[in-house]
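1. Sequence below, structure please.
(4 chains)
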Protein chains: 2
Amino acid sequence: MTAKSGSSTGRSANAPCPLAEMPPFRVLPAELLDKLSAISRRRNLERNATLIDIGKSANVVGCVMKGVLRMSKTLVDGQQQIVGLLVAGDIFGRVFDGDFPFSIEAATDCEICLFPKAEFEALMEHWPELEKLVILGLLNELDSAREWLGLVANHRTVEKVAGFLVFLHRRWAFLAEEEEQPGGTLIDLPIKRQDLALFLGTRPEAVSRAFHALHDKGHIRIVTPYRFLIVDFEALDRISGQSVSQLDVHRALASGEGPR
Amino acid sequence: MTAKSGSSTGRSANAPCPLAEMPPFRVLPAELLDKLSAISRRRNLERNATLIDIGKSANVVGCVMKGVLRMSKTLVDGQQQIVGLLVAGDIFGRVFDGDFPFSIEAATDCEICLFPKAEFEALMEHWPELEKLVILGLLNELDSAREWLGLVANHRTVEKVAGFLVFLHRRWAFLAEEEEQPGGTLIDLPIKRQDLALFLGTRPEAVSRAFHALHDKGHIRIVTPYRFLIVDFEALDRISGQSVSQLDVHRALASGEGPR
DNA sequence: TCGCGTCATTGACAATTCACAACGATCGCG
DNA sequence: CGCGATCGTTGTGAATTGTCAATGACGCGA
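-> So this is what the prediction gives:
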């Protein structure tokens, strides 16, 4: 299974996961939660640790509890192509399918919860609720990937970067990664410039220039290279050219859909 | 334009679909196939007809029997952003979820098979095989979307276009859209230049130039604007940047070399 | 058959990004 | 406390694309 950076696992490896705390799982009946907890293994990952290597068999299904993971393909020359990010609440795993067509690495320190694939699938067959959860999770991932596609399809780097900030703001709104501030919303960037550049289909230099262009226009404020203050969200949304408001539906899933 | 060509449906609307002929459904037990057929409605779509309007409630699950459909979002400025294509064998539908966050239109004349969502979901709860089918279908869509992401993330238009051809060749290999020819493989392009440009994050002019650049290098042959002959598949794969270094490709192109 | 509109193609120029390089800031470690 | 490595930032010329405009090919309907 996921052999990797040795012992970032720690001794909490076998402790059951507080699944009930994660938004997507909240809707599940208590009995199912118990069964899930019973087969769950907790795991901590240090930044840059590899969870799943492309091609290698990885018979696990998992859920991100904390942190950010990146999914990427490694091309023959060693260059990485990032194909997606996983954040808290996201479920990953090739249920009923073969191996992952990409690697999964920790972009930040992470806490994740793993289930043996076979046992997870067995549970799915008996619990339609779990099956529903998986399907909704996949639809969510799909929407996310397509939203990214829209971002990357933009021509100017400023549009991509602005769209990226909008994306962060909208999609991870329920996470503790943002804080309200007198001047706007504070956003922490989970990945470094080079990764972001790869993801957006550009170069680190262009990303840097774009951030500073937005800064100079007064739309954002660069607190540190990894922390931004969103001053004028509307402006970013306008620049990104993505002004679509129909995606709010799925976020109900991610946010636990309890309220309202 | 796309005025939902009302009743292109014809009188074959209620005829059962030959589901058993579609690859994804072949594995299902006969009894389930019968039940699916019982609730299925066949439908024909003319090119540019709208199947599903964004935002509108569409309580259907469907399968493409023939032709190509495009999924797209319409941005505030009226521009379309294409987020995916559906080809024969693809299953679409927001199972257990709300409305579509995009529109679906026929890129070519199409034959599709529709199921009422509620009844389809009911079948899923009793037939794990169907559930499995849906999940695998979603995983497939996800892979497809991520592959697109890799394409669009490329910088040069030649890389995007080359990657697109590779994508067509690999992903729809089982379709009758390609034919073997003495000189290579014949591929039919299901969408026009402008759509492709939107999809690849560039302009029609650039797409055109890229196609002709590949033509001039001898890697493809443009039979008609919608029909290409793949002469040197390896070269395309190399140029696409999905399997080799983009730097090498740049140099290879710059020096004007052919296949090794 | 002719006329019309759509679409692909091509050309020329401006705008933007890439690529290469150097510099500076930050952080961990001895 | 200084050293080195990593990363972010900035500057410059070269390459590529976006943009605007015009032309030509094709299909459709009158």
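
2. Not counting its neighbours along the chain, what's nearest the residue nearest the centre of chain A?
-> Centrality entry for chain A: nearest residue to the mean C-alpha point is residue A:86, 2.2 Å, by CA atoms, centre = their mean. Sequence neighbours aside, residue A:69 is the residue nearest to residue A:86 in space, at 4.2 Å (criterion: CB to CB, 6 or more residues apart in numbering or on different chains). Backbone N, C-alpha and C define where each C-beta goes, glycine included.

3. contacting residues around that neighbour?
-> Residue A:69 sits next to A:45, A:51, A:85, A:86, A:92, A:104, A:105, A:106, A:107, A:110, A:112 when contact means CB atoms under 8 Å, 6 or more residues apart in numbering or on different chains.

4. still on that earlier bit, I'd assumed residue A:102 was in contact with the residue nearest to the centre of chain A.
-> No. Residue A:86 is beyond contact range of residue A:102, at 11.1 Å (criterion: CB atoms under 8 Å).

5. quick one: common contacting residues for the two?
-> With CB under 8 Å, 6+ apart, residue A:86 and residue A:102 have common neighbours residue A:71.

6. Next to chain B, which bits of the stretch 51-200 of chain A? Give me the list.
-> Within the stretch 51-200 of chain A, the positions adjacent to chain B are A:71, A:73, A:75-77, A:79, A:81, A:83-84, A:94-97, A:101-102, A:124-125, A:128, A:131-132, A:134-136, A:138-139, A:141-143, A:145-146, A:148-150, A:152-155, A:198-200 by CB under 8 Å from any CB of the partner chain.

7. Among those residues, name the buried ones.
-> A:71, A:73, A:75, A:81, A:83-84, A:94-96, A:101-102, A:124, A:128, A:131-132, A:134-136, A:138-139, A:141-143, A:145-146, A:148-150, A:152-154, A:198-200 (16 or more other CB atoms under 10 Å in any protein chain shown).

8. So which bits of chain A are right by DNA strand C?
-> Residues of chain A lying near DNA strand C by CB under 7 Å from any atom of the strand: A:156, A:157, A:158, A:201, A:202, A:203, A:205, A:206, A:209, A:210.

9. ok, these vs residue A:61, which is closest?
-> residue A:201 (30.1 Å; CB to CB).

10. Neighbouring strands - and their directions - for the helix or strand that contains residue A:229?
-> Assigned by DSSP states H and E, residue A:229 belongs to strand A:227-230. Partner strands for strand A:227-230, per DSSP bridges, with pairing direction: strand A:184-188 (antiparallel), strand A:220-224 (antiparallel).

11. would JSON lines of those with mean pLDDT be doable?
-> Shown next, in JSON lines, are the strands paired with strand A:227-230 (pLDDT from 0 to 100):
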{"stretch": "strand A:184-188", "mean pLDDT": "86"}
{"stretch": "strand A:220-224", "mean pLDDT": "94"}
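
12. Any regions of the stretch 51-200 of chain A where pLDDT drops low?
-> Along the stretch 51-200 of chain A, the parts satisfying pLDDT under 70 run over A:55, A:76-79, A:171-179.

13. Now do the helices in it.
-> Ranges of helices in the stretch 51-200 of chain A, per DSSP state H, counting those that start in this stretch, are A:117-126, A:128-152, A:157-171, A:193-200.

14. Report the inter-axis angle for the second one versus helix B:128-153.
-> When you say that, I think you mean helix A:128-152. 10 degrees (axes from the mean of the first three to the mean of the last three CA atoms, to 10 degrees).

15. Measure how far helix A:128-152 is from the centre of its chain, please.
-> 11 Å (CA atoms, centre = their mean, to the nearest Å).

16. near DNA strand D at all, it?
-> No. Contact of helix A:128-152 with DNA strand D (CB under 7 Å from any atom of the strand) is absent, the minimum separation being 11.9 Å.

17. Save the helices of the stretch 51-200 of chain A as JSON lines, and put in distance to residue B:117 too.
-> As requested, those are arranged in JSON lines below (distance: least, CB to CB, whole Å):
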{"stretch": "helix A:117-126", "distance to residue B:117": "20"}
{"stretch": "helix A:128-152", "distance to residue B:117": "13"}
{"stretch": "helix A:157-171", "distance to residue B:117": "26"}
{"stretch": "helix A:193-200", "distance to residue B:117": "34"}
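
18. Could you say which one of those comes nearest to residue A:40?
-> Distance to residue A:40, taken as CB to CB, is lowest for helix A:117-126 among these, at 9.4 Å.

19. and the closest one with helix B:128-153, angle?
-> Using the same axes, to 10 degrees: helix A:117-126 against helix B:128-153 is 120 degrees.

20. And helix A:117-126, what's buried?
-> Neighbour count says helix A:117-126 has A:117, A:119, A:120, A:121, A:123, A:124 buried, by 16+ other CB under 10 Å.

21. Out of these, which comes closest to residue B:163?
-> Residue B:163 has its nearest neighbour among the buried residues of helix A:117-126 in residue A:117, at 31.3 Å by CB to CB.

22. quick one: contacts for that closest one?
-> A:59, A:60, A:61, A:93, A:94, A:95.

23. got it, and residue A:198?
-> Residues in contact with residue A:198 (CB under 8 Å, 6+ apart) are A:79, A:80, A:81, A:82, B:153.

24. if we can go back for a sec, relative to residue B:187, which of the helices of the stretch 51-200 of chain A is closest?
-> Among these, helix A:128-152 sits nearest to residue B:187 (CB to CB), with 22.3 Å.

25. what's the burial count for the residue nearest to residue A:232 when sequence neighbours are not counted?
-> Once flanking residues are discounted, residue A:232 sits nearest to residue A:219: 4.6 Å by CB to CB, 6+ apart. Counted with other CB atoms under 10 Å in any protein chain shown, the neighbours of residue A:219 add up to 22.

26. got it, and the one 5 residues further on?
-> Neighbour count of residue A:224, defined by other CB under 10 Å: 8.

27. That one pairs with what?
-> With DSSP bridges as the rule, residue A:224 is bridged to residue A:227.

28. now residue A:52
-> For residue A:52, the beta-bridge partners are residue A:104 (DSSP bridges).

29. So it is in contact with residue A:94, correct?
-> No. With contacts defined as CB under 8 Å, residue A:52 does not count as touching residue A:94, sitting 9.9 Å away.

30. shared neighbours, the two?
-> residue A:100.

31. Near DNA strand D, which residues of chain A are found?
-> Chain A has residues A:155, A:192-194, A:204-205, A:207-209, A:211-212, A:222, A:225-226 near DNA strand D, with proximity defined as CB under 7 Å from any atom of the strand.

32. ok, of those residues, which one's closest to residue B:171?
-> For the residues of chain A next to DNA strand D, the nearest to residue B:171 is residue A:155 (25.8 Å; CB to CB).

33. which residues touch that closest one?
-> Per CB under 8 Å, 6+ apart, neighbours of residue A:155: B:201, B:202.

34. that older thread, give me the buried stretch members for the following helix or strand past the strand holding residue A:229, please.
-> Next along the chain after strand A:227-230, taking DSSP H and E as the criterion, comes helix A:233-240. Within helix A:233-240, the residues that qualify as buried are A:233, A:235, A:236, A:237, A:239, A:240, counting by 16+ other CB under 10 Å.

35. Now do helix A:233-240 against helix A:128-152: the angle between them, please.
-> Between helix A:233-240 and helix A:128-152, the angle comes out at 70 degrees (the same axes, to 10 degrees).

36. gap between helix A:233-240 and the chain center?
-> Distance of helix A:233-240 from the chain centroid (CA atoms, centre = their mean) equals 22 Å.

37. rewinding a little: and the residues of chain A next to DNA strand D, which of them are buried?
-> With burial judged by 16+ other CB under 10 Å, the buried subset of the residues of chain A next to DNA strand D is A:193, A:207, A:208, A:211.

38. All set now, cheers.
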